[in-house]
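Enquirer: Give me coordinates for this.
(2 chains)
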Amino acid sequence: MSALSIRDVHKRFGPSEVLKGVSLEMGSGDFTVLVGPSGCGKSTLLNIIAGLERQSSGSVEIGGRTVDDIAPKDRDIAMVFQSYALYPSMTVRQNITFGMECRNVPRAQREAAVSEVVRLLQIEALLDRKPAQLSGGQRQRVAMGRALVRNPLLFLFDEPLSNLDAQLRAEMRMEIKQLHQRLGSTIVYVTHDQIEAMTLATRIAVMREGVVQQFADPETVYNRPANLFVARFMGAPPMNTLPARLEASPSGSVAVIGHGEGEIRLPVPVEVKGWIGREVVLGIRPECITEPTRHFGHAPDAVLTIAASVEMTEPTGAETIVVLRLGSERALGRVSADLRPRVNEMARFAIDTRKINLFDPATGDRIVS
Amino acid sequence: MTHTVAAETRTGRPVTFGILRRLPEHLAIWVPLLLSAGHLVSFALWTVWISFTPSTLVPVSGWVGLRNYTAVMATRNWQIAFDNLLLFGCGFVLLSLLTGLLLAVLLDQRIRGENVLRSIFLYPIALSFVVTGTVWSWLLNPGLGIQKLVNDIGWTSFRFDWLIDRDMAIWTIVIAAVWQSSGFAMALFLAGLRSVDADLIKAAQIDGAGPIRMYRRVILPTLWPITVTVVVIQLQFAITTFDLVRALTGGGPGLATQLPALVVYDLMFQRGLLARGAAAAVLMLLILLAVLLPYAGWRYLQRRQAAHA
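Expert: Reported below is the predicted structural model:
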């Protein structure tokens, strides 16, 4: 039984269509991240799942039950908001128990549930404080406590870490992941941050302009993006996308970047018979272009060493980003932190050809064999 | 040398040139501001001084200590005015607060024609209190207004004669004042309701709060800073009320709707007791300060808390 299934959901606001037929299935225990640029409809979809907004057509099932005509409070869900949405006039304890108060849960039972949750989140000391007296991280914890205490079928997170500073965000990210691993809860998590999506999700749905571009596990989304949008959206720095043409060679298909003397020929990992002789877009992640001494897993034969001219280097501390010329195209590579290839000179780079992706230049879709 | 540096703006031009260039703006701001502030402060100080002199029909110098104050406070006129002020102030502030809040909550239900209704409720503020007072004096006149209308319809035993009832007349002032200014309270409350974080309402929806619990526990508690502001503004209006009473009841029947501002007017301009009137006016100022000073202190604390958070 799927924990949540969304079937062909459309949402229109007047003439503009915000969701254009979204269908997603999530299993129990899945951590699904809806990710996309702002305005892609991810928050609207979350609100529709919660019942805070009504879809124009399509249906939503939670735990095998159609909830289209069921009020938010009866959908067996809990939600964590970007602004935390803690009730400012109530103490932390009252914030956590407000839902149970509304459902007339006996006081003793409320107290037991609260003490369990505050122990889990380590916020015992804050119980009698008001939200205004808490730091951002503490508010975030209380907001999660309010969701956890309900023990719902489905947790909804609406950009919960966006208001935190970078360090706290990384900390809370780990905590959310640990909580998910410990409790095995089913989570739908909305974010515009692709790092949050990659680190937290068991399944990622990449959205753009109301359409799900790809719905798969993080590794697939990262290594085999369904189209150019996903390829460029996931990963920082983003995937290099370079015009190339496909040629046949005795050992298989080869992608050629550039013309004449400076051209680069890369063997292609997929069989693409129909595309021989045609223009394609070649996608390769910056970390697949690196110094020649690097080993990519245990596939020495997939590594190709080439010479390329270096345009610029950007040392980030953890690594050095290199801007180089592949053929006549500009591309990014990532080399070890202590390497500083000389600018405007040729240097040698290893390319992991297993992870080359090819895209149809007309539609942007990934070319599959 | 340092002087020249200090006297020049960052662009290198002398400061005097900048002031000359902006002379019209400075004139437009400072002259009226200084004039009105000067009027306010100098006449307030003059009134305080007069209240300690033996002046009667014309101002004279001299010092009589607190004699004028004790004399004013000993009069029945002032005592009644003060009691009325308590009754009117509390009744008016509470009722306009509740009416304003109720209107705001009802308007907040995303109803059709909200703009029209909002304008209608706000409209009375645009009227002069003299107009309000006069119109309500007709409406409340038993032989002319509401009572006559209901009687003429056929309910002949209906009585609504608070205007001429010594015990109830003060409430007619409350009714007219509430009618005039609850739209103002509504506007402030509506702005407050509209600025409640939408996520807060969503969270309460998911928690399962019904509409009543939603307002009582989640939305209305966020409005209390606005409530304090409304109370203070209405209170200072209540304390200085003059024209409304003058037009509606003239302080009567008898002394039933006497208020401090009417006492001041009566003493100063009808009985020619300038010093006593001044003393009464200073007493009013003290009552006003008793409201405004705590409010200023509260605002200061709020701002300091906000700065720390």
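Enquirer: Run a quick neighbour tally on residue 250.
Expert: The chain I'm using is chain A. Other residues near A:Pro250 number 5, with proximity taken as other CB atoms under 10 Å in any protein chain shown. Heads up, the C-betas are built off the backbone N, CA and C, glycines and all.
Enquirer: The chain in question should be chain B.
Expert: 13.
Enquirer: which SS class is it?
Expert: coil (DSSP: H, G, I helix; E, B strand; the rest coil).
Enquirer: cool, and B:Asp167?
Expert: Under three-state DSSP, B:Asp167 comes out as coil.
Enquirer: so how many other residues sit close to it?
Expert: The number of residues near B:Asp167, taken as other CB under 10 Å, comes to 8.
Enquirer: just A:Pro238 next, same as before
Expert: A:Pro238, neighbours per other CB under 10 Å, totals 15.
Enquirer: got a pLDDT number for it?
Expert: pLDDT for A:Pro238: 91.
Enquirer: Surely it is in contact with A:Ala231?
Expert: Yes: if you go by CB atoms under 8 Å, A:Pro238 and A:Ala231 touch, sitting 7.3 Å apart.
Enquirer: buried stuff in stretch B:209-221?
Expert: By neighbour count on 16 or more other CB atoms under 10 Å in any protein chain shown, the buried set for stretch B:209-221 is B:Ala209, B:Met214, B:Tyr215, B:Arg217, B:Val218, B:Ile219, B:Leu220.
Enquirer: contacting residues around that stretch?
Expert: A:87-90, A:98, A:102, B:101, B:105, B:193, B:196, B:200-201, B:204-205 (CB atoms under 8 Å, 6 or more residues apart in numbering or on different chains).
Enquirer: Identify, by residue count, the longest helix of the chain.
Expert: You didn't say which chain, so I picked chain A. What stands out as the longest helix in chain A, according to DSSP state H, is helix A:166-183.
Enquirer: look at chain B instead
Expert: helix B:274-308.
Enquirer: quick check: mean pLDDT across that one?
Expert: Mean predicted lDDT for helix B:274-308 stands at 88.
Enquirer: what does stretch A:290-309 give?
Expert: 81.
Enquirer: cool, and stretch A:125-141?
Expert: 91.
Enquirer: picking up where we left off before, any chance of the contacts of stretch B:209-221 in a markdown table, plus secondary structure, pLDDT and distance to B:Phe43?
Expert: Formatted as a markdown table, these follow (DSSP: H, G, I helix; E, B strand; the rest coil; pLDDT from 0 to 100; distance: CB to CB, whole Å):
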| residue | secondary structure | pLDDT | distance to B:Phe43 |
| --- | --- | --- | --- |
| A:Tyr87 | coil | 93 | 49 |
| A:Pro88 | coil | 90 | 44 |
| A:Ser89 | coil | 89 | 44 |
| A:Met90 | coil | 92 | 49 |
| A:Phe98 | helix | 93 | 54 |
| A:Cys102 | helix | 91 | 58 |
| B:Leu101 | helix | 93 | 37 |
| B:Val105 | helix | 91 | 42 |
| B:Leu193 | helix | 91 | 40 |
| B:Val196 | coil | 89 | 43 |
| B:Leu200 | helix | 92 | 48 |
| B:Ile201 | helix | 92 | 50 |
| B:Ala204 | helix | 93 | 52 |
| B:Gln205 | helix | 92 | 56 |
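Enquirer: I'd like those residues as a markdown table, with distance to A:Gln181 and neighbour count appended.
Expert: Below are the contacts of stretch B:209-221 laid out as a markdown table (distance: CB to CB, whole Å; neighbours: other CB atoms under 10 Å in any protein chain shown):
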| residue | distance to A:Gln181 | neighbour count |
| --- | --- | --- |
| A:Tyr87 | 30 | 22 |
| A:Pro88 | 33 | 15 |
| A:Ser89 | 35 | 17 |
| A:Met90 | 31 | 18 |
| A:Phe98 | 28 | 23 |
| A:Cys102 | 30 | 18 |
| B:Leu101 | 48 | 24 |
| B:Val105 | 45 | 18 |
| B:Leu193 | 42 | 19 |
| B:Val196 | 36 | 16 |
| B:Leu200 | 30 | 20 |
| B:Ile201 | 32 | 16 |
| B:Ala204 | 30 | 24 |
| B:Gln205 | 30 | 19 |
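Enquirer: where's A:Glu101 relative to A:Val149, distance?
Expert: 11 Å (CB to CB, to the nearest Å).
Enquirer: who has more neighbours, those two?
Expert: Taking other CB under 10 Å, A:Glu101 and A:Val149 do not tie; A:Val149 has more neighbours (23 against 17).
Enquirer: what comes into contact with stretch B:138-149?
Expert: B:Phe158, B:Arg159, B:Phe160, B:Asp161, B:Trp162, B:Leu163, B:Ile164, B:Thr172, B:Ile175, B:Leu248.
Enquirer: and whichever residue of the stretch 1-150 of chain B sits closest to chain A, how many neighbours does it have?
Expert: Closest to chain A within the stretch 1-150 of chain B is B:Arg110: 14.4 Å, counting by CB to the nearest CB. A count of nearby residues for B:Arg110, using other CB under 10 Å, gives 6.
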